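# build me a model:
(2 chains)
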Amino acid sequence: MAKKMKTEAKVLRQELLADGIYDMWLEVPFAADVKPGQFVGVYPVNKSTLLPRPISICEVDTEKSAIRLVYRVVGSGTAEFAGYAQDDVVMVLGPLGNGFPLEAAEGKKVVVMGGGIGVPPLLETVKRVSAAKVSAVMGYRDNGTFLSDEFSKYSEMHIATEDGSVGTKGNVIDAMKADNIECDVIFACGPMPMLRAIKAYASKVGAKAYLSLEERMACGVGACLGCICKTKEVDEHSHVNNARICTDGPVFDADDLEM
Amino acid sequence: MNTTVEIAGVKFKNPVMTASGTFGSGMEYSDFVDLNKLGAVVTKGVANVPWPGNPVPRVAEVYGGMLNAIGLQNPGIDVFVERDLEFLKKYDTKVIVNVCGKSVEDYLEVVERLGDEKRVDMLEINVSCPNVKEGAIAFGQNKDALFDITEKIKKVAKQPIIMKLSPNVTSIAEMAKAAEAAGADAISLINTITGMKIDIYKRKFALANKTGGMSGPAIKPVAVRMVYEASHAVNIPVIGMGGIANAEDAIEFIMAGATAVAVGAMNFHDPYTTEKVVDGIEEYMKKYNVEDINDIRKIV
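Reported below is the predicted structural model:
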């Protein structure tokens, strides 16, 4: 695993992608080491803040040594990030976490499933995965279906929207059923109710599911034990039924999780 | 130039330590920091058996700091000795093991178990964690209870003991005196200040535990005041902590009366903080002609 670092990152460009969703490219020295599904901690400049904001890596440009972050403004930290412009410099901690196990997908029928702001980390995943077939099933609130055009380039694209404005009305599981999508392996990221439903669905259809979790974090490097999730078996590091999302995850085999 | 400090016969190459619970056992931060440069690594609290800790969310940011309610999750003493202590054997730094428990017997079991571990230089007794229902702070908010547990631990401990005190008390001087009277070799303070945060949009507590311990730069003035009061109330050494972000902060604690200092929550802000504080203290000493770090202790 690549060595983690806290480093300066130059903003290469930033634009508004959908309502409250921003798209920012950062030049970082560790871009070439990034694995799909990993994340970075971005530090607000505001001196009243202490902690890095965990944001998943959407895409990597190795030539420009850059990473792409697609994030939603949810608080004062991300609101600050939304104001960054080209050539601004921001402090970043990374690369963090394990990433999706791409080897589990080789030669299989793979479905990547994203919900809302869980969609972005799956883009680099579909770009790199080598599988017999790659489908993407993405769930959105409404017709702000950010990144869906880009997924179409690398995978067979299916959309679910809560208001029914695009694709299947409902959630990603509804779209799986409506569009009759087969899968051996699922890579997913999204809100907890969606991930729970995917775990249940995978177990019903006999597929393997790998889920990327989210939690409030402090250190981001596995020391503070702030961001744990419950595991079925006693975890090797903690020796209790807790795994660290920032370090042992964020991606877990659904079978290992107590959700 | 002398940066070494001595506490209960243990010599530290410099006064900079890690605050328990913010640095694991050093493994996670060894990607960022050369542990050999630190005065000591103070490990995350360890109990006689594994503890699962509290439900999530366990952390929340607040203005100038953070709240945590981890609940002393730890793998238990057996794994700690086999894995964490073994890891620390590779480094030339002092090791202080933070010990927690639900009952006096729990503490004694861990203290006795560590007695023959040569890698352990000192023990820090956690009687101040505000986030667990039993033990910890229950021993640290009443001076008779503090005296009692300190005395019992001192009887069985083979390494010198540091009692880690809570700021959530009426008189820190009284607590410091009780620890000293019971035989503590040193005291460390402050642990976190009990706090609360409410998410007004979700209409919920930010932490599953409702309350948490506050740390970070916002608590520093409280910590400096308490280190000053405690170090003027007792003759045993004081290890000062609470919001230390840089060498200036560390020197402020030393001038208030601390023999050594520890970096806590700021490790989360900048994983290189401990090393920067070590370097910054040396730069300060050079610039202001301080021959010996011990010369500026209690100078105010």
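# switch to C-alpha atoms for all contacts and neighbour counts from now on
Noted.
# now do the contacts for the residue of the stretch 101-250 of chain B found nearest chain A.
Nearest residue of the stretch 101-250 of chain B to chain A (Cα to the nearest Cα) works out as B:Gly216 at 7.6 Å. When contacts are counted by Cα atoms under 8 Å, 6 or more residues apart in numbering or on different chains, B:Gly216 touches A:Leu50, B:Gly64, B:Gly65, B:Met66, B:Gly242, B:Gly243, B:Ile244, B:Gly264, B:Ala265, B:Met266.
# what residues does the stretch 1-150 of chain A have near chain B?
Listed as neighbours of chain B in the stretch 1-150 of chain A under the rule Cα under 8 Å from any Cα of the partner chain: A:Lys3, A:Lys4, A:Met5, A:Lys6, A:Tyr43, A:Lys47, A:Ser48, A:Thr49, A:Leu50, A:Leu51, A:Pro52.
# at 10 Å what do you get?
Residues of the stretch 1-150 of chain A found near chain B (Cα under 10 Å from any Cα of the partner chain) are A:2-6, A:43, A:46-52, A:91, A:93.
# from these, which single one is nearest chain B?
Nearest to chain B out of these is A:Ser48 (Cα to the nearest Cα; 4.4 Å).
# and the closest one, what is it in contact with?
Listed by Cα atoms under 10 Å, 6 or more residues apart in numbering or on different chains, the contact partners of A:Ser48 are B:Glu61, B:Val62, B:Tyr63, B:Gly64, B:Gly65, B:Pro217, B:Ala218.
# need the contact list for the nearest residue to A:Lys47 once chain neighbours are set aside.
Counting by Cα to Cα, 6 or more residues apart in numbering or on different chains, B:Gly64 is the residue found nearest to A:Lys47 once chain neighbours are left out, at 7.4 Å. The neighbourhood of B:Gly64, defined by Cα under 10 Å, 6+ apart, consists of A:46-51, B:214-219, B:243.
# would you say A:Tyr84 is within a helix?
No: when DSSP: H, G, I helix; E, B strand; the rest coil is applied, A:Tyr84 is found to be coil, with no helix at that position.
# quick check: it touching A:Leu16?
No: using Cα atoms under 10 Å, A:Tyr84 makes no contact with A:Leu16, being 11.4 Å away.
# determine the longest strand present in chain A.
The single longest strand within chain A, with elements called by DSSP state E, is strand A:5-18.
# what is the helix or strand just after that one packed up against?
Where DSSP states H and E defines the elements, the next helix or strand beyond strand A:5-18 is strand A:21-27. For strand A:21-27, the packing partners by 3 or more Cα pairs under 10 Å, 6 or more residues apart in numbering or on different chains; DSSP states H and E come out as strand A:5-18, strand A:59-61, strand A:66-72, helix A:76-82, strand A:89-96.
# I'd like these as a markdown table, with distance to A:Phe30 appended.
Below are the helices and strands packed on strand A:21-27 laid out as a markdown table (distance: least, Cα to Cα, whole Å):
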| stretch | distance to A:Phe30 |
| --- | --- |
| strand A:5-18 | 8 |
| strand A:59-61 | 10 |
| strand A:66-72 | 8 |
| helix A:76-82 | 20 |
| strand A:89-96 | 7 |
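# what would these look like in CSV with mean pLDDT and mean neighbour count?
Shown next, in CSV, are those (pLDDT from 0 to 100; neighbours: other Cα atoms under 10 Å in any protein chain shown):
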stretch, mean pLDDT, mean neighbour count
strand A:5-18, 97, 17
strand A:59-61, 98, 21
strand A:66-72, 98, 24
helix A:76-82, 97, 17
strand A:89-96, 98, 23
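# out of the ones you listed, which gets nearest to A:Ile186?
Closest approach to A:Ile186 among those is made by strand A:59-61 (19.1 Å; Cα to Cα).
# what's in contact with that closest one?
Under the criterion Cα under 10 Å, 6+ apart, residues A:25-27, A:31-37, A:66-70, A:120-125, A:127 lie in contact with strand A:59-61.
# if you set the cut-off to 7 Å instead, what comes out?
A:Ala31, A:Ala66, A:Ile67, A:Arg68, A:Leu123, A:Glu124 (Cα atoms under 7 Å, 6 or more residues apart in numbering or on different chains).
# not counting sequence-adjacent ones, nearest residue to A:Thr247?
Spatial nearest neighbour of A:Thr247, chain neighbours left out: A:Gly97 (4.7 Å); criterion: Cα to Cα, 6+ apart.
# contact partners for B:Lys133?
Shown in contact with B:Lys133 (Cα under 7 Å, 6+ apart): no residues.
# hang on, it in a strand?
No: counting by three-state DSSP, B:Lys133 falls outside a strand, being coil.
# near chain A, which residues of the stretch 1-150 of chain B are found?
Taking Cα under 7 Å from any Cα of the partner chain as the measure of proximity, the stretch 1-150 of chain B contacts chain A at B:21-24, B:28, B:31-32, B:50-52, B:57-59, B:63-65, B:70, B:74-75.
# quick one, which of these are buried?
B:21-24, B:28, B:31-32, B:50-52, B:57-59, B:64-65, B:70, B:74-75 (16 or more other Cα atoms under 10 Å in any protein chain shown).
# looking at chain B, name the residue that lies furthest from the middle.
In chain B, counting by Cα atoms, centre = their mean, B:Tyr201 sits farthest out from the average C-alpha position, at 34.6 Å.
# B:Ala47 touches B:Val110, doesn't it?
Yes: using Cα atoms under 7 Å, B:Ala47 is in contact with B:Val110, at 6.4 Å.
# now do the shared contacts for these two.
Common neighbours of B:Ala47 and B:Val110 (criterion: Cα under 7 Å, 6+ apart): B:Ile77, B:Val99.
# what's the neighbour count on A:Asp256?
Neighbour count for A:Asp256, taken as other Cα atoms under 10 Å in any protein chain shown: 15.
# where do the helices of the stretch 101-250 of chain A begin and end?
Using DSSP state H, counting those that start in this stretch, the helices of the stretch 101-250 of chain A run over A:121-128, A:148-154, A:172-178, A:192-205.
# close to chain B: what parts of the stretch 151-259 of chain A are there?
Counting by Cα under 7 Å from any Cα, the residues of the stretch 151-259 of chain A close to chain B are A:216-219, A:221-226, A:238-240.
# again, only using 8 Å
Checking the stretch 151-259 of chain A against chain B by Cα under 8 Å from any Cα, the hits are A:215-228, A:237-242.
# buried subset of those, written for ChimeraX?
To isolate the buried subset of those in ChimeraX, counting by 16+ other Cα under 10 Å, use the following:
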select /A:215,216,217,218,219,220,221,222,223,224,225,226,227,228,238,239,240,241,242
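# now, which of the residues of the stretch 151-259 of chain A next to chain B lie within strands?
Among those, the residues falling in strands (DSSP E) are A:Ile228, A:Asn242.
# before we move on, the earlier item: narrow the contacts of A:Ser48 to those in strands?
B:Glu61, B:Val62, B:Gly65.
# residue nearest the centroid of the chain?
Answering for chain A, as no chain was given. With distances taken as Cα atoms, centre = their mean, the residue of chain A nearest its centroid is A:Pro121 (3.4 Å).
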